[in-house]
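Asks: Got a predicted model here, sequence first, then my questions.
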Amino acid sequence: MLKVELIAVGTRSPAWVSEAVEEYSRRMKDCTFSIREIRPADRRKPRGIDAWKAEEAALMLNALVDGARVIAMDLSGRHWSTEQLAGKIENWKLEASHLQFLVGGPDGLDAACLSRADEVWSLSNLTFPHQLVRVILAEQIYRALSVIANHPYHK
């Protein structure tokens, strides 16, 4: 069974985020979907953005599983249609049974995460709140799985 995991900087999701992610996760019959939360760097310490991102990157990279396919979420990434995502998931499933998506904190992902990723994906040229990205990713993965299964949800 395919395992999809978001490794996301930030804790204490609002109830509406948790409920939405739980709903899409429940609908995914051929996969398990989970979120591993990474504590954000303490931005009260005046170390600067690069240091904060590096601290978060170390925790994210430590959470990666050997053999997993790693997809970084970043504005610099490629844009995919739902059908393209479905095709990628079909191909990824041939290579790995575990997909890990990296979602950065308020300052984005460190270069170490981007260079470690097998793919870099951008949801949009728009900037979304990081908590909302969790919901969008859960929904888009569910939608792509629906395309693969010829389920009418995608229509």
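Replies: Cool, the structure landed. A quick note: this is a predicted structure, and the numbers were derived from the prediction, not measured.
Asks: Tell me the helices and strands packed up against the longest helix anywhere in the chain.
Replies: Counting residues, the longest helix found in the chain (DSSP state H) is helix 130-148. Packing contacts for helix 130-148, counted by 3 or more CB pairs under 8 Å, 6 or more residues apart in numbering; DSSP states H and E, involve strand 2-9, helix 15-27, strand 31-38, helix 82-95, strand 98-103. Any C-beta I mention is one placed from the backbone N, CA and C, and that applies to glycine too.
Asks: 10 Å instead, please
Replies: strand 2-9, helix 15-27, strand 31-38, strand 69-78, helix 82-95, strand 98-103 (3 or more CB pairs under 10 Å, 6 or more residues apart in numbering; DSSP states H and E).
Asks: quick one, which of those is packed in tightest?
Replies: strand 98-103 (a mean of 23; mean count of other CB atoms under 10 Å).
Asks: Next SSE downstream of that strand?
Replies: helix 111-116 (DSSP states H and E).
Asks: What is that following helix packed up against?
Replies: Helix 111-116 packs on helix 49-62, strand 69-78, strand 98-103, going by 3+ CB pairs under 10 Å, 6+ apart.
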